[in-house]
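# Let me see the structure of the following:
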Amino acid sequence: MIARTISLYKKSFAGLSRPVWLLSLVMFINRSGTMVLPFLTIYLTTKLGFSLEQAGWAMTAFGVGSVAGSFLGGKLTDRFGFYEVQFWTLFLGGILFTLLQFMKTPMEVYLMVLLMSTVAEAFRPASMTSVAAYSKAENRTRSFSLLRLAINLGWSAGPALGGWLAMKYGYFTLFYVDGFTCIAAALVFRAVLAPKKVEKMEAVEEEVSDDEGFGSPCKDRRYLFFLLITLLGAVAFMQFLSTLPVFYKQEMSLTEGQIGLLMAYNGLLIFILEMPIVYLAERRFNQLDTIIWGTILYAVSYLVLDLGGLIPIVIALISMTAITFGEILNMPFSNSYALNMAPPKQRGQYMGLFTMTFSLGHILAPAIGMQVAAHWGFSTLWWFLSGLCVLAVLGLWFLKKSEPATPSSSAG
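Have a look, this model is predicted:
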């Protein structure tokens, strides 16, 4: 049993290219310095004296910048190539994170946060597009999973270190460390990944698959329909980052420590299980089937919260397990499926729209979740979110039934 488990882990990581591992290292360095965003609202309200409304507008500016950056990043990637876009968004983003601490008035903060998030988010379409050049088609989903693994590891370290630094040395250290890690990631990226190799890999793939495709993803109705489905799932999933912690605290009376452990449990499951699960799933199931099961688990995770008769922490643990497995099945396969739908010459724009969809989900999820919970209660919210998931599943089923017989419909 142990030998088989070890063998499974080895196979799940086998065959991934050296550039994908190096890109994951860059991701880890970048995300391990994620300190400003988790503590931004606390910093604005306690150190700069902003009201809750003003702090909320700052986060709205961040969301708007994320949407703009996703679109701009896709355009720039197709125009200048993903290599340069990744380097400069990391480098300039680091400078902007450092400068944010010197903004004192609300308008200064809004404008800097807007610019900072636009630049930072422009990195994502370029990064996702680079996976196509750095990986083979059969390893693409696992390559996305490895990047997610690096991001989750970084996210687990960054906020924890940031909280300690803020208490020990003051909030100003967060801006310097966050900025430094962005710039360090840019320099490591430039040092370990040579642009000539990237261009060569892209040229080879375009010779193999020179799809004419659509001139713009906005004209690709099938892709836009997939993005609409993705948005429904994103609004449901992202309650995990906004409404769920409030529910844990107010309705389940969980402590901050218990809530933190639940979040850590999510990261731990992803760290341990995602790569082998993706390895098995991509060999046995169609990509859309896997996304469907992930979306169903989102719905299950919320319906569980409406159960009574169990200890609250037990219900929360069951729900967190369901949403985590849903994330494992949904996220990497959604990324890979979106990338497979894109013609090689328009990958930047396609992935820009894809990341814009999640940025829009970040904006809509807390607004919808909090409003529904405030007016009709959390129970109504859980059923509403499950309904969104059902709509997404039906859309995915329709997409699968109408799918042409192309390589993008294969399991890997």
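
# alpha carbons only for contacts and neighbour counts from here, please
Fine.

# mind showing which ranges of this protein have poor pLDDT?
For the chain, applying pLDDT under 70 flags the ranges 196-215, 256, 309, 405-412.

# Now do the domain split for it, please.
According to the TED database, the chain comprises the domains 16-144+157-195, 217-403.

# Give me the distance between the two termini of the longest one.
Using CA to CA, to the nearest Å, the gap from the first to the last residue of domain 217-403 comes to 17 Å.

# Which of the domains of the chain sits closest to Y9?
Set against Y9 and scored by CA to CA, the domains of the chain come closest in domain 217-403, at 5.8 Å.

# from the middle of its chain, how far away would the closest one be?
Here domain 217-403 is found 11 Å from its chain centre; the criterion is CA atoms, centre = their mean, to the nearest Å.

# try stretch 20-28
Centroid displacement of stretch 20-28 relative to its chain, using CA atoms, centre = their mean, is 15 Å.

# Out of the domains of the chain, flag the one nearest I6.
Closest among the domains of the chain, using CA to CA: domain 217-403, at 10.2 Å.

# which residues in the stretch 251-400 of the chain form helices?
Listed in chain order, the helices found in the stretch 251-400 of the chain under DSSP state H, counting those that start in this stretch are 256-284, 287-304, 312-341, 347-376, 378-401.

# Need the winner for burial among those helices.
Of the helices of the stretch 251-400 of the chain, the one with the most neighbours on average (mean count of other CA atoms under 10 Å) is helix 287-304, at a mean of 24.

# Contacts for that one, please.
Applying CA atoms under 8 Å, 6 or more residues apart in numbering, the contact partners of helix 287-304 are 233, 236-237, 281, 315, 318-323, 325-331, 333-334, 337, 382-383, 385-387, 389-390, 392-393, 396-397, 400, 409-412.

# A3: which of the domains of the chain is closest?
Closest to A3 of those is domain 217-403 (CA to CA; 14.2 Å).

# can you tell me how far the closest residue in space to G387 that isn't next to it in sequence sits from E327?
Nearest in space to G387, with sequence neighbours left out and distances taken as CA to CA, 6 or more residues apart in numbering, is A299 at 7.8 Å. Per CA to CA, A299 is found 12 Å from E327.

# that older thread, the helices of the stretch 251-400 of the chain: which one's closest to L37?
helix 347-376 (13.5 Å).

# any idea of the angle that closest one forms with helix 378-401?
When axes from the mean of the first three to the mean of the last three CA atoms, to 10 degrees is applied, the directions of helix 347-376 and helix 378-401 differ by 150 degrees.

# So that it lines up with my notes, have the first residue be 4 from now on.
New numbering, starting at 4: the last item is helix 350-379.

# so what secondary structure elements neighbour helix 350-379?
Contacts defined by 3 or more CA pairs under 8 Å, 6 or more residues apart in numbering; DSSP states H and E place helix 350-379 against helix 55-83, helix 126-137, helix 224-240, helix 246-253, helix 315-344, helix 381-404.

# Return the set of buried residues in the first one.
When burial is assessed from 16 or more other CA atoms under 10 Å, helix 55-83 yields the following buried residues: 57-58, 60-81.

# Pull the distance from that helix to the chain's centre.
For helix 55-83, the distance to the chain centre is 14 Å (CA atoms, centre = their mean).

# which helices and strands sit right next to the next helix or strand after that helix?
Going down the chain from helix 55-83, the next helix or strand is helix 85-102, by DSSP states H and E. Here helix 85-102 touches helix 55-83, helix 109-124, helix 126-137, helix 175-195, going by 3+ CA pairs under 8 Å, 6+ apart.

# Dump those into TSV; add distance to L102 as well.
Shown next, in TSV, are the helices and strands packed on helix 85-102 (distance: least, CA to CA, whole Å):
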stretch	distance to L102
helix 55-83	15
helix 109-124	8
helix 126-137	19
helix 175-195	8
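
# Which residues are in contact with I321?
Applying CA under 8 Å, 6+ apart to I321 gives the contacts S304, V307.

# Repeat that for the one 3 residues further on.
Listed by CA under 8 Å, 6+ apart, the contact partners of T324 are N269, S304.

# now F42
G166.

# Which secondary structure state is assigned to it?
Here F42 is recorded as helix under DSSP: H, G, I helix; E, B strand; the rest coil.

# State the distance from it to L93.
F42 sits 20 Å away from L93, going by CA to CA.

# Good, we can wrap up now.
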